[in-house]
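Peer 1: what follows is a predicted protein model with its sequence.
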There are 2 protein chains.
Amino acid sequence: MSGKTKEKVVEQFRCESIQDAAMRVIARKGIEETTIQNIADEAGIAKGTVYVYFRDRDELLAKTADRAFEGLVNDLRPQFETSGPFADRLRGLVQRQLRFFDEHRALFRATLALTQRETELRKQGTRCYTEYAAMLAQFLTDASAAGELRSDIDPQELAAVYRDCVRGVIIRRLDQKVQKARKSVEDDAELIVSILLHGIQSGDSQ
Amino acid sequence: MSGKTKEKVVEQFRCESIQDAAMRVIARKGIEETTIQNIADEAGIAKGTVYVYFRDRDELLAKTADRAFEGLVNDLRPQFETSGPFADRLRGLVQRQLRFFDEHRALFRATLALTQRETELRKQGTRCYTEYAAMLAQFLTDASAAGELRSDIDPQELAAVYRDCVRGVIIRRLDQKVQKARKSVEDDAELIVSILLHGIQSGDSQ
DNA sequence: GCACGAAATGACCGAACGGTCATTCGGGTT
DNA sequence: AACCCGAATGACCGTTCGGTCATTTCGTGC
């Protein structure tokens, strides 16, 4: 009985090894410079073996992108499920997201590189990215329904703006190679949250 | 006397022809799929001729990116120089930027593709992009000095957030292929301006 | 119309990469 | 120990692309 199961387990383990290797290489070199040979070397296997587990380059990349988002989604889910004032939940969300990518910088470089092929990737399995976007939209839709957001803003569009802002901050944090030069997660998060909550004008009710 | 000058003029004309062709191809196919042969075909010249005017692919791409931003900077400059209430100037700026790329969609696809190689491009000539960023930062620094912005926000960081937001909107407008599906420039601009000015919370002084 | 130098050309080269497949390897069964 | 079968391998192939350079074309002055 354990026959079939064992094979499946081994296969999944190999797949994940290759995907993890792919993420490391992509984080290091960018997606266009990453070759199958690079990934195989990083995983410590032969090039041909990659093709035992993945049909072609595109499938490997798509599944790798999916796996990259899996960690983020799992990390963020608890935060979406907390209760409390909207401002606090929003702040917690931004902080968590910044902290997650601080601790997995390579992962973000990979997801960033992989997300830039968004159009092509949408065709294939982007299960986890879709889930991330959906959770965020739901979070804001709930807040809007609860009357915590301006009723003239579409939560979907707000979700898009939120993603733009957070993504920008993460990219800038990534570029600051030296830890010293980087501001704290709390400070960077506060900038985004503060702007989103109160706007940028002086004396405007902040 | 016109000998030297004429040669220079012709050379510049050729260079610009090639850069314009490069922009069209990049807008159509994306930067990684664009080959020198494609660009030469689009420009109606032979591949070897490209190398008469540009040392290699990287130099052509860098100078093309620079030229792509030239149009934007020229279009935006008048708006930076207008006077009036900050809110109006900001709104006008966003609108102008959205409209510019609505009218030059190909150009934005090119700049987007070219900006994604930001790190490499910074090494070479990104004169015009730098100028764009500088003008924006100056605009916000002036506003801050005039007491129109919250004093606890660094104008430099605000400029970055502004760029993130506007870029996101432009990308989303670009993805909506059908004109019908697209909202008006005014509506999309208003979303960004409204969020930036007043924040997203309900009843927060808007 | 001839001669000369610069500009333009495109056939060609070498490198790199994705993908294939005949061969080898390894561990489990008899 | 002999056998078997699926997993792993890496040499190999076809293609693509950036870049070169010997040759051709063209504009200009005499």
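Peer 2: Yep, that arrived.
Peer 1: is any residue of the longest helix belonging to chain A near DNA strand D?
Peer 2: Of all segments of type helix in chain A, defined using DSSP state H, the longest is helix A:2-29. Yes - applying CB under 7 Å from any atom of the strand, one finds helix A:2-29 touching DNA strand D at A:7, A:14. C-beta: built from backbone N, CA, C; applies to glycine.
Peer 1: next, residue A:84: secondary structure please.
Peer 2: coil (DSSP: H, G, I helix; E, B strand; the rest coil).
Peer 1: roughly how far apart are it and residue A:52?
Peer 2: Look at residue A:84 and residue A:52: by CB to CB, to the nearest Å, they are 49 Å apart.
Peer 1: so where is chain A shaky, pLDDT-wise?
Peer 2: Along chain A, the parts satisfying pLDDT under 70 run over A:1-6, A:117-125, A:203-206.
Peer 1: enumerate the residues of it near DNA strand D.
Peer 2: Within reach of DNA strand D by CB under 7 Å from any atom of the strand, chain A has these residues: A:7, A:14, A:45, A:46, A:47, A:48, A:49, A:51, A:52, A:53.
Peer 1: and the residues you listed, which two are the farthest apart?
Peer 2: Greatest spacing in those, by CB to CB: A:7 and A:47 (22.6 Å).
Peer 1: what parts of chain A come near DNA strand C?
Peer 2: Contact residues (CB under 7 Å from any atom of the strand) of chain A with DNA strand C: A:33, A:34, A:35, A:36, A:37, A:47, A:48, A:51, A:56, A:57, A:58.
Peer 1: and the helix or strand containing residue A:168, how far from the chain's centre?
Peer 2: Element membership for residue A:168 (DSSP states H and E) is helix A:155-175. Computed by CA atoms, centre = their mean, to the nearest Å, the separation of helix A:155-175 from the middle of its chain amounts to 11 Å.
Peer 1: residues in contact with the next helix or strand after that helix: which ones?
Peer 2: Per DSSP H and E, the first helix or strand lying C-terminal to helix A:155-175 is helix A:185-198. Applying CB atoms under 8 Å, 6 or more residues apart in numbering or on different chains, the external contacts of helix A:185-198 come out as A:87, A:90-91, A:94-95, A:98-99, A:102, A:162, A:165-166, A:169, A:173, A:204-206, B:150, B:152-153, B:157-158, B:161, B:195-196, B:199-201, B:204.
Peer 1: any figure for the gap between the closest residue to residue A:201 other than its chain neighbours and residue A:105?
Peer 2: Spatial nearest neighbour of residue A:201, excluding adjacent residues (CB to CB, 6 or more residues apart in numbering or on different chains): residue B:197 at 5.6 Å. Separation of residue B:197 from residue A:105 (CB to CB): 34 Å.
Peer 1: go on, residue A:52?
Peer 2: On the measure of CB to CB, residue A:52 and residue A:105 end up 31 Å apart.
Peer 1: what do you get for residue A:78?
Peer 2: Residue A:78 is 22 Å from residue A:105, where distance means CB to CB.
Peer 1: these two - which one has more neighbours?
Peer 2: Neighbour tally, residue A:78 and residue A:105, criterion other CB atoms under 10 Å in any protein chain shown: the higher count belongs to residue A:105, 14 against 10.
Peer 1: quick one, what contacts that one?
Peer 2: Shown in contact with residue A:105 (CB under 8 Å, 6+ apart): A:27, A:174.
Peer 1: how close does it sit to residue B:167?
Peer 2: In this view, residue A:105 and residue B:167 are 22 Å apart by CB to CB.
Peer 1: follow-up on the earlier one: tell me the buried residues in the longest helix of chain A?
Peer 2: A:14, A:15, A:18, A:19, A:20, A:21, A:22, A:23, A:24, A:25, A:26, A:27 (16 or more other CB atoms under 10 Å in any protein chain shown).
Peer 1: my read: residue A:112 touches residue A:171, true?
Peer 2: Yes - if you go by CB atoms under 8 Å, residue A:112 and residue A:171 touch, sitting 7.1 Å apart.
Peer 1: between the two, who's got more neighbours?
Peer 2: The residue with more neighbours, out of residue A:112 and residue A:171, is residue A:112; 20 against 16, by other CB under 10 Å.
Peer 1: may I have the helix or strand hosting that one exported as PDB, CA atoms only?
Peer 2: Taking DSSP H and E as the criterion, residue A:112 maps to helix A:105-115. The C-alpha trace of helix A:105-115 is given here as PDB (Å, rounded to 0.1, in the frame of the first residue of the first chain):
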ATOM      1  CA  ARG A 105      14.400  38.600   0.100                       C
ATOM      2  CA  ALA A 106      15.300  36.100  -2.500                       C
ATOM      3  CA  LEU A 107      11.700  34.900  -2.600                       C
ATOM      4  CA  PHE A 108      10.500  38.400  -3.400                       C
ATOM      5  CA  ARG A 109      13.100  38.900  -6.200                       C
ATOM      6  CA  ALA A 110      11.800  35.700  -7.600                       C
ATOM      7  CA  THR A 111       8.100  36.600  -7.300                       C
ATOM      8  CA  LEU A 112       8.800  40.000  -8.700                       C
ATOM      9  CA  ALA A 113      10.600  38.600 -11.700                       C
ATOM     10  CA  LEU A 114       7.900  36.000 -12.100                       C
ATOM     11  CA  THR A 115       5.000  38.500 -11.700                       C
END
